[in-house]
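Student: Please work out how this folds:
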Amino acid sequence: MSRNKLRRFEENARMPHVVQPDFVQLSGMESFYLKDHWQEFFPAGGGPVTLELGCGAGEYTLAMARLFPDRRFIGIDKKGARLWRGARISLEEKLGNVAFLRLQGHLIDRVFGPRDQVHEIWLPFPDPQPGLSRARKRLTHPAFLERYRKFCHPDAVLHLKTDNSDLMAFTLEVIKQQQLGLFEYYSDVHRQLPEDHLLRQVITKYEAQFLSAGRIIQYVQFSLFPQNH
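Tutor: Predicted coordinates for the structure are as follows:
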């Protein structure tokens, strides 16, 4: 392991707004100590919670936290060296409505509970998990949606931004089959939306690479619960 990564891990451990559960904490019979108590974690106090899954450096988490100080934002990534940058920036800017969580996606319902009332989930460029054999690993698969429903507000929405047409087609089919409300869909974000729109203002590292390669960016926003729930 490089010295740079070790330094970042050490800094993560010292930052009060970075949470890094270990395997023992998540595999035990008792609930994780912040489950159902995330509202109490933020120095800025409680408020509607937004999660960014696979946050990387937390570009969306930081941008939204600056725009919406009355809301609470949690960037989640399985790699501590990735989320370190966003965690450090939020600390330097004294953003009291931001937290970062090191966690694998399939464990998310062990960390959040129904009292946390998450209102939004953002999936900016998740791993498309190509091939039918890997479909269950897609973060918009029905099995993942069912996990999210355990801790989300009844009006919660999910945002997916991707360059992968297969993942978008898969997600749109899930929306249809589960009778979820489709609120917004753009087949070409950078052609259809104005430059000052959030979806164009926030460009992640991967999105910049995709755009340089001439790939088309798509976006969909939909309800997490069926319309007749």
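Student: And the pLDDT for the residue positioned nearest the centre of the chain?
Tutor: Most central in the chain under C-alpha atoms, centre = their mean is residue 52, positioned 1.8 Å from the mean C-alpha point. Residue 52 is assigned 97 on the pLDDT scale.
Student: show me the contacts for it.
Tutor: The contact partners of residue 52, by C-beta atoms under 8 Å, 6 or more residues apart in numbering, come to 58, 60, 61, 73, 74, 75, 76, 121, 122, 124. Heads up, the C-betas are built off the backbone N, CA and C, glycines and all.
Student: Using PDB, list the CA coordinates for the least confident helix or strand in the chain by mean pLDDT.
Tutor: The least trusted helix or strand in the chain, going by mean pLDDT, DSSP states H and E, turns out to be helix 23-27, with a mean of 73. The C-alpha coordinates for helix 23-27 follow below in PDB (Å, rounded to 0.1, in the frame of the first residue of the first chain):
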ATOM      1  CA  PHE A  23     -17.000  -6.000   9.800                       C
ATOM      2  CA  VAL A  24     -17.600  -6.900  13.500                       C
ATOM      3  CA  GLN A  25     -19.900  -3.800  13.900                       C
ATOM      4  CA  LEU A  26     -22.000  -4.700  10.900                       C
ATOM      5  CA  SER A  27     -22.100  -8.500  11.400                       C
END
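Student: strand partners of the helix or strand following it, parallel vs antiparallel please.
Tutor: Counting by DSSP states H and E, the element after helix 23-27 in chain order, helix or strand, is strand 49-53. Its sheet considered, strand 49-53 pairs with strand 72-77 (parallel), strand 118-124 (parallel) by DSSP bridges.
Student: Contacts for the last one, please.
Tutor: Contacts to strand 118-124, defined as C-beta under 8 Å, 6+ apart, come from residues 48-55, 59-60, 71, 112, 139-140, 148, 151-153, 155-162, 204, 207, 224.
Student: List the buried residues for the longest strand that the chain contains?
Tutor: As assigned by DSSP state E, the longest strand anywhere in the chain is strand 152-162. Under the neighbour-count criterion of 16 or more other C-beta atoms under 10 Å, strand 152-162 has 152, 153, 156, 157, 158, 159, 160, 161, 162 buried.
Student: what do you get for stretch 54-73?
Tutor: Buried residues in stretch 54-73, counted by 16+ other C-beta under 10 Å: 54-62, 64-65, 71-73.
Student: One more: stretch 204-218?
Tutor: Buried residues in stretch 204-218 (16+ other C-beta under 10 Å): 204, 207, 210, 217, 218.
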